[in-house]
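**Student:** pasted the sequence and its predicted model underneath.
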Amino acid sequence: MAEDSELMDVILDGPHVPVKEVKEREITRMVIKRREISICKNAKEIWDWLETAYEGTIDMKDSKFYMLTTQYESFTMKERETIQEMHTRFTSITNELHYLGEVVPLYIQVRKILGVLRKSWESKVDAITEERNLKTFTKDELICNLKAHEFKKQQGKEKKEVKREKSMNEGF
């Protein structure tokens, strides 16, 4: 007992198995879903019910498609946003569009990303567009290239800050 009190507790009381706590609202929703499915007469009705419940109606899909298309068309890189953060937002939009049946070709995505970068990225965008064939340049290659450039820019800023601090301290 002195060596492992938790083991002794298990021996005396049995193992504690955590139970997922289900809220009353969740139970109510599950019961309603079971009833709605149970009144379906055949597999087709069950399928249609499930499809509507989990994917939405055609009107809902159309609304979502319109919203995502608008988000894609007006997409820009936010101020102080990293390449990874921008890429995550962009990929979320294109994946949702893909799920709804609108596949944006990868080379179009590459061009879109290059076009939405902030003004401070202009020289990097020029270098990429001059040295690469954008039809064969993958999105992953682009993001890795941009992240590497972002990392170098960040290191440059940090070096300048260290130099500035040194010169300020030497002045005192």
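**Tutor:** It's in.
**Student:** residues in contact with stretch 94-108?
**Tutor:** With Cβ atoms under 8 Å, 6 or more residues apart in numbering as the test, stretch 94-108 has contacts from 61, 64-65, 68-69, 72, 109, 112, 134-139. In short, each C-beta sits where N, CA and C put it, glycine included.
**Student:** switch the cut-off to 6 Å
**Tutor:** Stretch 94-108 has contacts (Cβ atoms under 6 Å, 6 or more residues apart in numbering) with 65, 68, 134-135, 139.
**Student:** hey, which helix is longest across the protein?
**Tutor:** Counting by DSSP state H, the longest helix found in the chain is helix 139-170.
**Student:** list the buried residues of that helix.
**Tutor:** Across helix 139-170, burial judged by 16 or more other Cβ atoms under 10 Å covers 139, 142-143, 145-146, 149.
**Student:** now for the residues you listed, which pair is the farthest apart?
**Tutor:** Lys139 and His149 (15.6 Å; Cβ to Cβ).
**Student:** only C-alpha atoms, please: export stretch 112-120 in CSV.
**Tutor:** The C-alpha trace of stretch 112-120 is given here as CSV (Å, rounded to 0.1, in the frame of the first residue of the first chain):
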residue,chain,number,x,y,z
LYS,A,112,-4.2,34.1,-56.2
ILE,A,113,-1.8,33.8,-53.3
LEU,A,114,0.9,35.8,-55.1
GLY,A,115,-1.7,38.5,-55.9
VAL,A,116,-2.9,38.9,-52.3
LEU,A,117,0.4,39.4,-50.6
ARG,A,118,1.0,42.8,-48.9
LYS,A,119,3.0,45.5,-50.7
SER,A,120,6.1,44.6,-48.7
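**Student:** coming back round to it: closest to Leu12 out of the buried residues of helix 139-170?
**Tutor:** Nearest to Leu12 among those, counting by Cβ to Cβ, is Ile143 at 56.3 Å.
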